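Chemist: quick one: sequence and predicted model below, then my questions.
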Amino acid sequence: MPTLGCDAVGFPARHGFRLLGRLPRNGCVFADSDWWWWIVPAGSDLELTWPLPSHYAKGAQVPGTDPRLISWPDDNSPYTPPIPLYLMACQLTGTAPLWTAGVGGPA
């Protein structure tokens, strides 16, 4: 099975359970005492501006301290779908989704 590569999106731990419980599907989720990290396909930051206080980590190189696996998906895919995660992050932070200019506009 080919891989898409992995990045990670982190949120302060205070938002962890809320995100985990509201997303329609979670992939692998890692956590330490300060941050929770959702594994997403590489390139999930293209044409998106992830809202603060989230942190996007290319290559899933997270700046955490001994993160532990706290959620494993029921299927074989380690990924959390990035668009629902992004929209939930925007809702959680009170930020309007920001797509790259020109995307979805007239050709």
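Modeler: Yep, that arrived.
Chemist: centre of the chain to the strand or helix carrying Gly21, how far?
Modeler: When elements are assigned from DSSP states H and E, Gly21 belongs to helix 16-22. Mean-position distance between helix 16-22 and its chain equals 12 Å (CA atoms, centre = their mean, to the nearest Å).
Chemist: which outside residues touch that helix?
Modeler: Counting by CB atoms under 8 Å, 6 or more residues apart in numbering, helix 16-22 makes contact with Phe11, Asn26, Val29, Ala31, Trp36, Trp38, Ser71, Leu85, Met88, Ala89, Leu92, all of which sit outside it. C-beta here means a position set from N, CA and C on the backbone, and glycine is covered the same way.
Chemist: 7 Å instead, please
Modeler: Where contact means CB atoms under 7 Å, 6 or more residues apart in numbering, the residues beyond helix 16-22 that reach it are Phe11, Asn26, Val29, Ala31, Trp36, Ser71, Met88, Leu92.
Chemist: how about Gln91, secondary structure?
Modeler: helix (DSSP: H, G, I helix; E, B strand; the rest coil).
Chemist: so where's the protein uncertain?
Modeler: The chain contains residues with pLDDT under 70 at 1-3, 64, 101-107.
Chemist: can you give me the strands for it?
Modeler: In chain order, the chain shows strands spanning 6-12, 29-31, 35-41, 55-57, 68-71, with DSSP state E as the criterion.
Chemist: in the last one, what counts as buried?
Modeler: Right, strand 68-71. Ser71 (16 or more other CB atoms under 10 Å).
Chemist: partners of it, with directions?
Modeler: Sheet pairing for strand 68-71, assigned by DSSP bridges, gives strand 29-31 (antiparallel).
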